[in-house]
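*Asks:* Fold the stuff below for me.
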Amino acid sequence: MSGKKITFGSKPTKPAPSADAWVESRSVEEEVFPAEKMKRLTIDIPESLHKSIKSACALRGTKIADEVRELLYDKYGKA
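*Replies:* Numbering: from 1, shown residues only. Okay, here's the model as predicted:
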């Protein structure tokens with residue numbers, strides 16, 4: 001080994017935003033949904049169903065979250 005010293009910069013002082021802050025800062029592109037605070041929903045689905053949804057969304061150029069949000073809105077509407 002050589003006696004060469006390597007220095008690293010200081011640690012970043014800005015804390016990373018929380019996941020909740022990131023979700024709340026996003027804007028919903030669909031006009032169907034009123035501008036309101038967003039909440040996260042996590043569900044487990046079979047891998048085959050996920051692949052089907054992901055493929056269909058890719059072909060349409062849409063996001064899975066937007067499509068699921070629309071389906072839930074159609075089923076449950078405004079509270």
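*Asks:* where does the protein have low pLDDT?
*Replies:* Along the chain, the parts satisfying pLDDT under 70 run over 1-2, 16-17, 19-20, 22-34, 78-79.
*Asks:* ok, which stretches of it are helices?
*Replies:* When assigned using DSSP state H, the helices of the chain occupy the ranges 19-25, 47-60, 64-76.
*Asks:* ok, and for the longest one, which residues are buried?
*Replies:* Buried positions in helix 47-60, judged by neighbour count with 16 or more other CB atoms under 10 Å: residue 57. The C-beta positions use only the backbone N, C-alpha and C, and glycine is treated the same way.
*Asks:* Show me what that helix packs onto, helices and strands only.
*Replies:* Contacts defined by 3 or more CB pairs under 8 Å, 6 or more residues apart in numbering; DSSP states H and E place helix 47-60 against helix 64-76.
*Asks:* Now find how far off-centre the helix it packs on is within its chain.
*Replies:* A distance of 14 Å separates the centroid of the chain from that of helix 64-76, by CA atoms, centre = their mean, to the nearest Å.
*Asks:* For it, which residues meet the burial criterion?
*Replies:* Within helix 64-76, the residues that qualify as buried are residue 69, counting by 16+ other CB under 10 Å.
*Asks:* got the CA positions of that helix in CSV?
*Replies:* The C-alpha coordinates for helix 64-76 follow below in CSV (Å, rounded to 0.1, in the frame of the first residue of the first chain):
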residue,chain,number,x,y,z
ILE,A,64,-50.3,2.5,-12.8
ALA,A,65,-51.1,4.8,-9.9
ASP,A,66,-53.2,7.1,-12.1
GLU,A,67,-55.2,4.2,-13.4
VAL,A,68,-55.7,2.6,-10.0
ARG,A,69,-56.7,6.0,-8.6
GLU,A,70,-59.3,6.4,-11.4
LEU,A,71,-60.7,2.9,-10.8
LEU,A,72,-61.1,3.6,-7.0
TYR,A,73,-62.6,7.0,-7.7
ASP,A,74,-65.2,5.5,-10.1
LYS,A,75,-66.1,2.8,-7.6
TYR,A,76,-66.2,5.0,-4.4
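*Asks:* Tell me what angle it forms with helix 47-60.
*Replies:* In terms of direction (axes from the mean of the first three to the mean of the last three CA atoms, to 10 degrees), helix 64-76 departs from helix 47-60 by 100 degrees.
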